[in-house]
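1. I need the structure of the sequence given here:
(chains A, B, C and D)
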There are 2 protein chains.
Amino acid sequence: MRLSKGILITRINHMLKTILDNKEEYQPGLSIDCVIFGFHDNQLKVLLIKTKYSDKWALPGGFVPVNEDIDEAAVTVLHGRTGLKGIFLRQFSTFGAARRCSVDVSNAVLDFYGIPLDEGKWYASRFVTVGYYALVDFLQTVPQPEGKNEIVEWIDHNSVPELILDHRQILDTALETLRMELNLMPVGYNLLPEKFTIPELQKLYETILGRKLDRRNFLRKIMAIGILTKLDEKKSNVAHKAPNLYSFDKEKYEEVVKNGLTQGW
Amino acid sequence: MRLSKGILITRINHMLKTILDNKEEYQPGLSIDCVIFGFHDNQLKVLLIKTKYSDKWALPGGFVPVNEDIDEAAVTVLHGRTGLKGIFLRQFSTFGAARRCSVDVSNAVLDFYGIPLDEGKWYASRFVTVGYYALVDFLQTVPQPEGKNEIVEWIDHNSVPELILDHRQILDTALETLRMELNLMPVGYNLLPEKFTIPELQKLYETILGRKLDRRNFLRKIMAIGILTKLDEKKSNVAHKAPNLYSFDKEKYEEVVKNGLTQGW
DNA sequence: GTACATTGCGTCAAAATAACACATAAGATT
DNA sequence: AATCTTATGTGTTATTTTGACGCAATGTAC
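-> Residues are numbered from 1 along each chain as shown, chains lettered A, B, ... in the order given. Here you go, the predicted structure:
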């Protein structure tokens, strides 16, 4: 976590305290929440955080330094929780219901850290949060909790427990957006290992969309995009015909992400 | 404009002063900007504001009362500038570049109103803005300037002059989003009068998309959506074959807006 | 009436999509 | 080692959607 004025965190687990002590360095009432998607064991995973001061889980989030773009702040959150850089990250919506924040929740956190309520007013005020979603490589991700008071974990999207505040809505909106954007851009580059099979890629699409696709039609459509390179290599140790391995043609992939798939009117 | 505590605006054109006097009632560092689209004379129009303290035009915007949802605040901006209610309004992106605000511009405004710079710190700080776009009926809109120091006007999208700050980017992003969303929802309900012809609707689509569409294919596609009711009436005073009039089937229209057009994977 | 402009309604070929059939390969089973 | 099981690789075909275009109909202008 980037701190202003190079101040060190002297009290572990007091990230919040440090921010409060430097609150003039942060944009007031504004936060970032990241929905970080991964893919493993044919399941869509979401990186969630469990803190000791609540029974519920939360999306990884952070605040916005006054001198930083919100996009940069989102990159910081992503990097802080996953150790990853250069990842696909996209702003999808801003959540600003007047009562999306609960003073009770905020005060419980302040209480947990032993911060007097009047010192924590900045934190307990009304917050608007900008939602970002990221697609990351599950295996390259090293979940990084900030100190001992939290657990950072990959959770199956199907078994996400109750989340704090409106984080469930944020998560749902992120997935809805991702589903929509599958029509506008290819997906997979960050979510799969470098070498993968077409069935694996298909499972990824099926998992995101939440429904089955026809194998043969999927192959045709995905190959037509022209972003895949067929490797001269097959997957081994499978109890059936060995599927071919593919990799993304990164150059073409980036181009299509940039220009979008052709659609519509 | 809604004011807290029922305070009256005693000094005309001092909306800003009033807000500064009650700044604790507003979300700090957060604003709303609305891209309000209209359609007239076969041209896409944007509602813009020209203030006396700048050579450039601006998007209508506002601040967010701490007790209001950002969506409500956007409705307030829209209603305040157009007198309209119940209009299609959609959040499309949040703009949070660190240097999107210029202290020079803010100070020029404060200067214009004779507000001392130290009193105007709230206003001159870094702002993040949430962008909304609206589709409104040009003829039902009564542009409403706030006092004598500003002009509110419909400007042809093709001849939008230089805008302040990043408002040009906000406008462009709004139109990009609208173009994309034409694939996901029908458009026209708020932009056209109650009775309209298919060629008029087509011109609207062409104007938004910035390119010609085939008449016959357009008819087929738009009728297939099932939201149009053919009326037993024809447009008069045209120098050629009188086109039939149509209206939207509001019930079906709302349903399709809600459920979306079928597309994609 | 004739000219003109634009609408209404249609056709047809091309492209995209959906549904389905069959041979193949690799480990597992016997 | 022959066979079974399972999932892959590569088709084909019918259906739907899209794009490009032809032509008659209708209202005003002259």
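2. so A:G83 sits against A:P145, correct?
-> No: at 11.8 Å, A:G83 does not count as touching A:P145 under the criterion of Cβ atoms under 8 Å. Just so you know, the C-beta spots here come from the backbone N, C-alpha and C atoms, and that holds for glycine as well.
3. what residue in the stretch 151-265 of chain A comes nearest to DNA strand C?
-> In the stretch 151-265 of chain A, the residue that lies nearest DNA strand C is A:K241 (3.0 Å; Cβ to the nearest atom of the strand).
4. break chain A down into its domains, please.
-> For chain A, whose domains are defined here by automatic domain parsing, the residue ranges read A:4-181, A:198-259.
5. would CSV of those domains with mean pLDDT be doable?
-> Putting the domains of chain A into CSV (pLDDT from 0 to 100) gives the following:
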stretch, mean pLDDT
domain A:4-181, 90
domain A:198-259, 93
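6. most tightly surrounded among these?
-> Mean neighbour count, computed with mean count of other Cβ atoms under 10 Å in any protein chain shown, is highest for domain A:4-181 among the domains of chain A, reaching a mean of 18.
7. is it anywhere near chain B?
-> Yes: if you take Cβ under 8 Å from any Cβ of the partner chain as the test, domain A:4-181 does meet chain B, through A:27-30, A:64, A:66-72, A:91, A:93-94, A:96-98, A:125-126, A:128, A:130, A:180.
8. of those, list those near DNA strand D.
-> With Cβ under 7 Å from any atom of the strand as the criterion, the subset of these in contact with DNA strand D is empty.
9. where do the strands of the stretch 151-265 of chain A begin and end?
-> With DSSP state E, counting those that start in this stretch as the definition, the stretch 151-265 of chain A shows strands at residue ranges A:228-234, A:244-248.
10. want to throw those into JSON lines with distance to B:D111?
-> Formatted as JSON lines, the entries for those read as follows, by distance: least, Cβ to Cβ, whole Å:
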{"stretch": "strand A:228-234", "distance to B:D111": "59"}
{"stretch": "strand A:244-248", "distance to B:D111": "54"}
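11. need those strands in JSON lines (columns: distance to chain B).
-> Below are the strands of the stretch 151-265 of chain A laid out as JSON lines (distance: least, Cβ to the nearest Cβ, whole Å):
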{"stretch": "strand A:228-234", "distance to chain B": "16"}
{"stretch": "strand A:244-248", "distance to chain B": "18"}
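12. take those strands and write them to JSON lines, including distance to DNA strand D.
-> Output for these, formatted as JSON lines (distance: least, Cβ to the nearest atom of the strand, whole Å):
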{"stretch": "strand A:228-234", "distance to DNA strand D": "7"}
{"stretch": "strand A:244-248", "distance to DNA strand D": "3"}
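13. do you know which of those strands lies nearest A:H157?
-> Among the strands of the stretch 151-265 of chain A, strand A:244-248 comes nearest to A:H157, with 23.1 Å by Cβ to Cβ.
14. what does that closest one rub up against?
-> Identification of contacts with strand A:244-248 by Cβ atoms under 8 Å, 6 or more residues apart in numbering or on different chains yields A:188-189, A:194-198, A:201, A:227-231, A:233-235.
15. thought A:I32 was touching A:G61?
-> Yes: counting by Cβ under 8 Å, A:I32 touches A:G61, with 5.8 Å between them.
16. quick check: neighbours shared by the two?
-> With contacts taken as Cβ under 8 Å, 6+ apart, A:I32 and A:G61 have A:V77, A:T129 as neighbours in common.
17. per-residue pLDDT, the residue of the stretch 101-250 of chain A found nearest chain B?
-> Scanning the stretch 101-250 of chain A for the residue nearest chain B gives A:N183, at 3.6 Å (criterion: Cβ to the nearest Cβ). The per-residue pLDDT reported for A:N183 equals 90.
18. from B:G38, how far off is it?
-> Spatial separation of A:N183 from B:G38 under the definition Cβ to Cβ, to the nearest Å is 29 Å.
19. quick one: secondary structure of the closest residue to A:D166 other than its chain neighbours?
-> Nearest residue to A:D166 in three dimensions, chain neighbours excluded: A:R100, at 4.7 Å (Cβ to Cβ, 6 or more residues apart in numbering or on different chains). For A:R100, the assignment made with DSSP: H, G, I helix; E, B strand; the rest coil gives coil.
20. quick check, A:R100 in contact with A:I164.
-> No: the criterion here is Cβ under 8 Å, and A:R100 misses it with A:I164 at 10.5 Å.
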